[in-house]
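Undergrad: Here's a sequence, model it:
(2 chains)
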Number of protein chains: 2
Amino acid sequence: MKSLIKFSFLFLIILLISCKQEAQVENKSAVKTETVITDPLPSWNDVNSKKEIIAYVDVVTDNNHPDFIPVKDRISVFDNDGNLWSEQPAYFQLFFAIDRVKAMAADHPEWKEQQPFKAVLENDMEELKKQGEHGLIQLVMATHAGNTTEEFESHVKDWIATAKHPTKNVAYDKLVYQPMLELLRYLRANDFKTYVVSGGGVDFMRAFVTEIYGIPEEQILGSRIKTKFEYNDGKPKIVRIAELDFIDDKEGKPLNIQKIIGKKPIFSSGNSDGDLQMMQWTASNKYKSFMLYVHHTDSIREWAYDRESHIGRLDKGLDQAKKDGWTVIDMEKDWKVIYPPR
Amino acid sequence: MKSLIKFSFLFLIILLISCKQEAQVENKSAVKTETVITDPLPSWNDVNSKKEIIAYVDVVTDNNHPDFIPVKDRISVFDNDGNLWSEQPAYFQLFFAIDRVKAMAADHPEWKEQQPFKAVLENDMEELKKQGEHGLIQLVMATHAGNTTEEFESHVKDWIATAKHPTKNVAYDKLVYQPMLELLRYLRANDFKTYVVSGGGVDFMRAFVTEIYGIPEEQILGSRIKTKFEYNDGKPKIVRIAELDFIDDKEGKPLNIQKIIGKKPIFSSGNSDGDLQMMQWTASNKYKSFMLYVHHTDSIREWAYDRESHIGRLDKGLDQAKKDGWTVIDMEKDWKVIYPPR
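TA: Now for the predicted structure:
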């Protein structure tokens, strides 16, 4: 229920920020190609966060070091929204739901007169706000359920190929963080297994992030709705049902990690209080572990928000990071670029 | 609830078969060392099942063949009980529950007078039978819940290191099928990812099967009880709760495969009707797929059972295998040995 309340806050945020255009200032030349060969994290400035990551990887992969960790236990987990790609002015999956309602409207003439769909179709954000949490659930279930796994996957693929971010005006999958892509590659080059552990929908992510992140479907964990199996005379299908199955947020993250991965991560990366329990769980590993927070400090190239934000609030996490000496990325100072060069 | 009913049938079976001693006839010399180098499945006779497996692996790994399958999609799934190790006279996890009740009895003096524990402690199988499904659930929850993930893991490890099978009189982990261990290795050597997808408890299996099967924790799927996360001032733990979370059997198998792996297997191996939906799901893959049933036909070296059995019933599955041309292993004729040499 808390997550549903969180979802409704998201809607408020969309309404408030909806059409504010922001300049995207990116310095492509900042990534110097000659450094790529020797530097595993070329889009990072020569800052503490980068040095700490490299120092950690050096010792845990050194067979002669007391902190050496066997390959089979090198499990790393990454939150998605706000950690591997942007999450403002709202989680991108919510824009997908809104766009889907519009795409599906022709088959649902009744929506013209039926809330919350009417508000979406009329772009009436004031009315949508009034529909609250109940309206939001209706939107999500109408767009995410009642189809097969294959159909849903194809809806997401179509959307990501065509939709544009409302303020950045680029495809959503261009808004992944280049420095984090390098970090994922760097960890894999050192035999870490990289996982996404996100509050977002697992099937939404699987439809397009495997190529972008280099992470296979089976290493993506997320929230889920229920499903049922139908055989249909030799043509089996899995049908998505309009009911929540698991919310992969807060304490749900370590629980899902234990259910699905079955061992404690050694490296955990997130950007919000929703990732805090995953960080705490990682920090309790018998092996030397690494906790990494992305702090959104860059109001020009990305967005700046933390303790007061309704999306990706980072408050308790920031306190615990300071207290326990976890690494915090200052996005503005630490990263040469935010997004991949185009 | 069906699974619970199934569980109670198990108990009847234990009661009926409990102390029947069986001769274990194994011909160690049947595995000739000189064939190991060239033959990927040395414990298999030169039979159709073996030929079909090798022919399949040959084409799907051949870059120039129209049935070639990219490495990332080479997902293989294996049922555990009766497919990778024996399951008679009852699922081995049930013997664990009974042994745990006895081990825990000193801390539970009240169990001396409280059913179903009293019956277990007095080896009174007639009385235990009378306790039925409700009694069984009490046994399972008392032994599987109310502890942390680490504590439960250590209970299982202690048990597997000391407990003996009631009729074979060897440690339970000696009752894995040597020909299937070779098949797992053979598939991995051809870049298949091997998964266990079992009706058994996922945490029970993870505690000891990773080494035996060469399958890491994150590639083991199974049934689960619920869990909760507690932070405890910097000492987080995951506590196991006495409530079912997911039954990984029948339609639960394809559903869990989709939830956790997120793609359809190309190779599926099982031995009962509980695996049928997983087989059907695999058979619907757009790639050339392989469905493999283990048929328990060896009453001397293992056990012989199929259509009428309450454990590992293979009835509808046998019919569909025949109809659709799936491969069926005749355990007696196809396998030179059942268990690994000791």
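Undergrad: For the helix or strand where A:Lys51 lies, which outside residues touch it?
TA: In this structure, A:Lys51 sits in helix A:48-60 according to DSSP states H and E. Applying C-beta atoms under 8 Å, 6 or more residues apart in numbering or on different chains, the contact partners of helix A:48-60 are A:40-41, A:44, A:65, A:67-69, A:74, A:183, A:186-187, A:190, A:266-267, A:287-288, A:290, A:292, A:327-330, A:334. Bear in mind the C-beta positions are built from the backbone N, C-alpha and C, glycine included.
Undergrad: Let's see that with 6 Å instead.
TA: Helix A:48-60 is touched from outside by A:Leu41, A:Trp44, A:His65, A:Asp67, A:Ile69, A:Asn190, A:Lys288, A:Phe290, A:Thr327, A:Ile329, A:Asp334, with contacts defined as C-beta atoms under 6 Å, 6 or more residues apart in numbering or on different chains.
Undergrad: Same question for the third one, what's its three-state structure.
TA: Just to be clear, that refers to A:His65. Here A:His65 takes the coil state, with states given by DSSP: H, G, I helix; E, B strand; the rest coil.
Undergrad: Helices along the stretch 1-150 of chain A, start to end?
TA: Using DSSP state H, counting those that start in this stretch, the helices of the stretch 1-150 of chain A run over residues A:2-17, A:33-36, A:48-60, A:92-104, A:117-121, A:125-144, A:149-162.
Undergrad: Residues of the stretch 101-250 of chain A that sit close to chain B?
TA: A:Arg206, A:Pro216, A:Glu217, A:Glu218, A:Thr227, A:Phe229, A:Tyr231, A:Pro236, A:Ile238 (C-beta under 6 Å from any C-beta of the partner chain).
Undergrad: quick one: which of those residues has the most company?
TA: Using other C-beta atoms under 10 Å in any protein chain shown as the neighbour criterion, A:Arg206 leads those with 24 neighbours.
Undergrad: Next, work out how far apart it and A:Thr162 are.
TA: 19 Å (C-beta to C-beta, to the nearest Å).
Undergrad: still on that earlier bit, report the buried residues of the helix holding A:Lys51.
TA: Buried residues in helix A:48-60, defined by neighbour count with 16 or more other C-beta atoms under 10 Å in any protein chain shown: A:Ser49, A:Lys50, A:Ile53, A:Tyr56, A:Val57, A:Val60.
Undergrad: what residue ranges in chain A score low on pLDDT?
TA: Chain A contains residues with pLDDT under 70 at A:1-37.
Undergrad: Quick check, central residue of it?
TA: A:Asn80 (1.9 Å; C-alpha atoms, centre = their mean).
Undergrad: From B:Met104, how far out is that one?
TA: 42 Å.
Undergrad: Could you export the residues of the stretch 101-250 of chain A next to chain B as CSV, including secondary structure?
TA: Below are those laid out as CSV (three-state DSSP):
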residue, secondary structure
A:Arg206, helix
A:Pro216, coil
A:Glu217, helix
A:Glu218, helix
A:Thr227, strand
A:Phe229, strand
A:Tyr231, coil
A:Pro236, coil
A:Ile238, strand
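Undergrad: hang on, the earlier thing: for the buried residues of helix A:48-60, which one is nearest chain B?
TA: A:Val60 (17.9 Å; C-beta to the nearest C-beta).
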